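Undergrad: what's the 3D shape of this:
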Amino acid sequence: YIHLKVMIIGDRCVIMSSVNLNGRSQKGDGNSEIVLIVKDGDMVCSVMDGHPYMATHFAITLHCKLLWGHYPIKPQNILHSTEKVTSFIRSAPEPNDNKIWTQEDSAVADPLADSTLELWNHTARINCEIFKEFFHPVPTNLVCSWSAY
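TA: Numbers count the residues shown, from 1 in each chain. Sure thing, here's the model as predicted:
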């Protein structure tokens, strides 16, 4: 199987690869690796560090969708969905509709904004608390004595 690494550079270029930073991947004579570089010519207005910025459609869309994949999903959106079949459900070669700049996308479009960092940190804190509650990992700062262990 392939697990993917993704790098989005300046919301303009995307590199997706199976390559690891080790000798087997880098030398080229051990593992079979694949790399895809996407340089999209479709420029869209975006924001970077609070300033207007031209990003590529593919990169900014992937950036926003990946970030939203790490934030909590509201269960009611899944359980009681009335969503109709859209271009995002259909397979290729059906092109996807232009669905950038939803309310969610606007909240994470600027990766350098303080609000994006605050949202990321807030979500990470919640996820850590949930993880600790269910899996009781050790070591942890909550275990300060043998009796607490």
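Undergrad: Next secondary structure after the strand or helix carrying residue 104?
TA: When elements are defined using DSSP states H and E, residue 104 is found to belong to helix 103-108. Elements were assigned by DSSP H and E; along the chain past helix 103-108, the next helix or strand is helix 114-135.
Undergrad: Just the mean pLDDT for that following helix, thanks.
TA: Looking at helix 114-135 alone, the average pLDDT works out to 84.
Undergrad: helix or strand for residue 44, which one?
TA: Using DSSP H and E, residue 44 sits within strand 43-48.
Undergrad: for that strand, which positions count as buried?
TA: Across strand 43-48, burial judged by 16 or more other CB atoms under 10 Å covers 44, 46-48. Placement of C-beta: from N, CA and C, glycine included.
Undergrad: same check, this time on stretch 33-41
TA: Within stretch 33-41, the residues that count as buried by 16+ other CB under 10 Å are residue 40.
Undergrad: what do you get for stretch 61-68?
TA: Using 16+ other CB under 10 Å as the burial criterion, the residues of stretch 61-68 that qualify are 61-64, 67.
Undergrad: Select from these the entry with the lowest predicted confidence.
TA: The lowest pLDDT within the buried residues of stretch 61-68 belongs to residue 67, with 81.
Undergrad: Can you name the residues that contact it?
TA: When the contact criterion is CB atoms under 8 Å, 6 or more residues apart in numbering, the partners of residue 67 are 108, 116, 120.
Undergrad: Which strand or helix spans it?
TA: helix 57-68.
Undergrad: tilt between that helix and helix 114-135?
TA: Between the axes of helix 57-68 and helix 114-135, defined by axes from the mean of the first three to the mean of the last three CA atoms, to 10 degrees, the angle is 40 degrees.
Undergrad: circling back to that earlier point, ok, of the contacts of residue 67, which come out buried?
TA: Looks like those have residue 108 buried, using 16+ other CB under 10 Å.
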